[in-house]
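*Asks:* no FASTA, just this:
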């Protein structure tokens, strides 16, 4: 499987760097990730956040593309309901061209209520808008000209003259609930989930749904992400620092209203998102092995953390993890 890093530009407590420096440092980290042997680097999207979480992943990925050559790039995630699908298709194609065909596009439905309010998008429409956006993106990258008339969007005479390098363009959907995983499978998109404890169960759901939809699941990628920290020697001081960083990061969600509670697509209580994997390299390998070594995964994402931890992860953990799971599916990039 491929192993990569994912995160965003986020200002941590006490960080006095300018916003320009924060962005520059994330680009530098992506360059280092390629040098350390990571396979991909994905960045996300949030808006109006006190921690200045970056709102525009595609321009950031274009900057990373200019400084790297083999590292695959991705969105984790583009919040589809906020975007015009045609403009999004053009931006995706442009970044794929600039990167030489190294872009993976992961869409999600969004989570923060005040973002929906400011964008004037009813939160109850987020699933419908996201899947309709995926449909428009897929057609934009495979048809020369078409009309679209859907529930949320109507576009006459679409002519996507800027086409990506990759064919087909890798389109992913992020999901953490069985109902939506089945929907993703039936539609034939690649799958991303944050629930490492349920990868086997979720793959069974996805695989069955993909076959029902006429798709070969063996041609689809499956990504899970986790995070944590690796240290040569795991001490109480390192553990305390990690826990403090985790609490600070989670406060972003705990202090803002989300759209999940009480919905049909809410994450089941028995499948909480992974909270992190910590310890020495041997500790981390042992914990990961139990969850994913014999799984159908093609991608493991690790959330950004201290550079020393990431270097150690790359040196002592990643080479073994790359031998697990399935070989990632690569689209055609021939010109």
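*Replies:* Sure, I can see it. Nothing here was measured: the structure is a model prediction, and the numbers come from that model.

*Asks:* Show me the strands in this protein, by range?
*Replies:* For the chain, the strands defined by DSSP state E cover 2-7, 40-43, 72-75, 78-79, 103-108, 146-149, 154-158, 171-174, 190-193, 222-226, 228-230, 277-279, 299-303.

*Asks:* what helices or strands is the second one leaning on?
*Replies:* In this structure, strand 40-43 makes packing contacts with strand 2-7, helix 19-36, helix 57-67, strand 72-75, strand 103-108, strand 299-303, judged by 3 or more CB pairs under 8 Å, 6 or more residues apart in numbering; DSSP states H and E. Where C-beta positions appear, they are placed from N, C-alpha and C, glycine not excepted.

*Asks:* angle of the fifth one against strand 2-7?
*Replies:* Which is strand 103-108. Orientation note: strand 103-108 sits at an angle of 60 degrees relative to strand 2-7 (axes from the mean of the first three to the mean of the last three CA atoms, to 10 degrees).

*Asks:* just the longest one next, same as before
*Replies:* With the same axes, to 10 degrees as the criterion, the two stretches helix 19-36 and strand 2-7 enclose an angle of 170 degrees.

*Asks:* Check which helices and strands helix 19-36 sits against.
*Replies:* Using 3+ CB pairs under 8 Å, 6+ apart as the contact test, the elements touching helix 19-36 are strand 2-7, strand 40-43, helix 57-67, helix 307-312.

*Asks:* Same question for the fourth one.
*Replies:* Contacts defined by 3+ CB pairs under 8 Å, 6+ apart place strand 72-75 against strand 2-7, strand 40-43, helix 57-67, strand 103-108.

*Asks:* So which elements touch the first one?
*Replies:* Strand 2-7 sits against helix 19-36, strand 40-43, strand 72-75, strand 299-303, with contacts defined as 3+ CB pairs under 8 Å, 6+ apart.

*Asks:* What are the contacting residues of it?
*Replies:* For strand 2-7, the external contacting residues (CB atoms under 8 Å, 6 or more residues apart in numbering) are 26, 29-30, 33, 38-44, 71-72, 74, 76, 225, 298-304, 310, 318, 321-322, 328.

*Asks:* neighbouring strands for it, and are they parallel or not?
*Replies:* Its sheet considered, strand 2-7 pairs with strand 40-43 (parallel), strand 299-303 (parallel) by DSSP bridges.

*Asks:* next one: the longest one to chain centre, how far?
*Replies:* The one in question is strand 299-303. For strand 299-303, the gap between its own C-alpha mean and the chain's C-alpha mean amounts to 9 Å (CA atoms, centre = their mean, to the nearest Å).

*Asks:* mean confidence for it?
*Replies:* Mean per-residue pLDDT for strand 299-303: 98.

*Asks:* angle of it against strand 222-226?
*Replies:* Using the same axes, to 10 degrees, the interaxial angle of strand 299-303 with respect to strand 222-226 works out to 20 degrees.

*Asks:* what comes up buried for strand 299-303?
*Replies:* Neighbour counts using 16 or more other CB atoms under 10 Å place 299-303 of strand 299-303 among the buried residues.

*Asks:* ok, now stretch 122-135?
*Replies:* Within stretch 122-135, the residues that qualify as buried by neighbour count (16+ other CB under 10 Å) are 123, 126-127, 129-135.

*Asks:* do stretch 159-169 as well
*Replies:* Taking 16+ other CB under 10 Å as the basis for neighbour counts, the residues of stretch 159-169 that come out buried are 160, 163-166, 169.

*Asks:* Is it possible to get these out as CSV so that each row also shows pLDDT and distance to residue 217?
*Replies:* Supplementary listing: the buried residues of stretch 159-169 in CSV, determined by pLDDT from 0 to 100; distance: CB to CB, whole Å:
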residue, pLDDT, distance to residue 217
160, 96, 28
163, 97, 27
164, 98, 24
165, 98, 25
166, 97, 20
169, 97, 19
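
*Asks:* of all these, which comes closest to residue 80?
*Replies:* Of all these, residue 169 has the smallest distance to residue 80: 14.8 Å, by CB to CB.

*Asks:* ok, so what distance separates the residue nearest to residue 154 when sequence neighbours are not counted from residue 87?
*Replies:* Counting by CB to CB, 6 or more residues apart in numbering, residue 148 is the residue found nearest to residue 154 once chain neighbours are left out, at 6.7 Å. According to CB to CB, to the nearest Å, residue 148 stands 14 Å off from residue 87.

*Asks:* Neighbour count for those two, which is higher?
*Replies:* Of the pair residue 148 and residue 87, residue 148 is the one with more neighbours under other CB atoms under 10 Å, namely 17 against 9.

*Asks:* before we move on, the earlier item: so which of the helices and strands packed on strand 72-75 is nearest residue 218?
*Replies:* Shortest separation from residue 218 across these is recorded for strand 2-7, at 16.4 Å, computed as CB to CB.

*Asks:* Name the residue closest to the centre of this protein, please.
*Replies:* Geometric centre of the chain, nearest residue: residue 76, 2.7 Å, by CA atoms, centre = their mean.

*Asks:* Which strand residues bridge the residue nearest to that one when sequence neighbours are not counted?
*Replies:* Closest residue in space to residue 76, ignoring its immediate chain neighbours: residue 42 at 3.8 Å, by CB to CB, 6+ apart. According to DSSP bridges, residue 6, residue 74 are recorded as the beta-bridge partners of residue 42.
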